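Asker: Let me see the structure of the following:
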Amino acid sequence: QVQLVESGGGLVQPGGSLRLSCAASGFTLDYYGIGWFRQAPGKEREGVSYISSSDGRTYYANSVKGRFTISRDNAKTTVLLQMNNLKPEDTAVYYCAADPHSKYISTWSKGALYDYWGQGTQVTVSS
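Answerer: Okay, the predicted model is just below:
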């Protein structure tokens with residue numbers, strides 16, 4: 001079964017950190033750009049970060065630049081999103097999605113045509 005699985009969400013205080021993981025089942029992440037998205041209640045889905053399939057170029061939404069870091073593990077089986085200095089406005093369900101051969105890299109934050117999506121992991125930032 002082909003799927004993406006996110007993990008690592010949870011409840012954290014403002015200023016804290018979390019690390020989200022995105023793992024593939026049934027296919028390899030090597031040839032996919034991976035995007036992280038989030039959606040808060042009552043808000044539209046937002047592109048958070050992206051890493052390309054070939055050269056590992058990274059992209060970030062302005063709202064998370066300097067606080068979030070996207071990376072692939074050495075075996076390229078998992079994409080990580082390190083989130084530091086978390087703020088209450090970061091509260092959302094976070095999803096990862098797979099973009100074949102980084103086909104949609106120029107519009108990565110829209111996420112409309114990605115092949116696979118995970119089920120999401122909840123991140124709550126609250127004191």
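
Asker: Please name the nearest non-neighbouring residue to Tyr59.
Answerer: Tyr50 (4.4 Å; Cβ to Cβ, 6 or more residues apart in numbering). Using the backbone N, CA and C atoms, a C-beta is placed for each residue, glycine as well.

Asker: I figured that neighbour hits Val64, correct?
Answerer: No. Judged on Cβ atoms under 8 Å, Tyr50 makes no contact with Val64 at a distance of 11.5 Å.

Asker: Please report the distance of Ile105 from Asp115.
Answerer: Counting by Cβ to Cβ, to the nearest Å, the separation of Ile105 from Asp115 is 14 Å.

Asker: neighbour-wise, which of the two wins?
Answerer: When neighbours are counted by other Cβ atoms under 10 Å, Ile105 and Asp115 differ, and Ile105 comes out ahead with 17 against 14.

Asker: Now for that one: which residues touch it?
Answerer: Gly33, Tyr50, Ser52, Arg57, Tyr59, Asp99 (Cβ atoms under 8 Å, 6 or more residues apart in numbering).

Asker: show me the contacts for the third one.
Answerer: Contacts for Ser52 (Cβ under 8 Å, 6+ apart) come out as Gly33, Thr58, Ser102, Ile105.

Asker: quick one: which of these is nearest Ser25?
Answerer: Gly33 (18.0 Å; Cβ to Cβ).

Asker: Buried residues of the helix or strand hosting the closest one, list them for me.
Answerer: Counting by DSSP states H and E, the secondary-structure element that holds Gly33 is strand 32-39. Of the residues in strand 32-39, those buried by neighbour count under the rule 16 or more other Cβ atoms under 10 Å are Tyr32, Gly33, Ile34, Gly35, Trp36, Phe37, Arg38.

Asker: In strands only, show me the contacts of Ser52.
Answerer: Counted as lying in strands by DSSP state E, out of the contacts of Ser52, are Gly33, Thr58.
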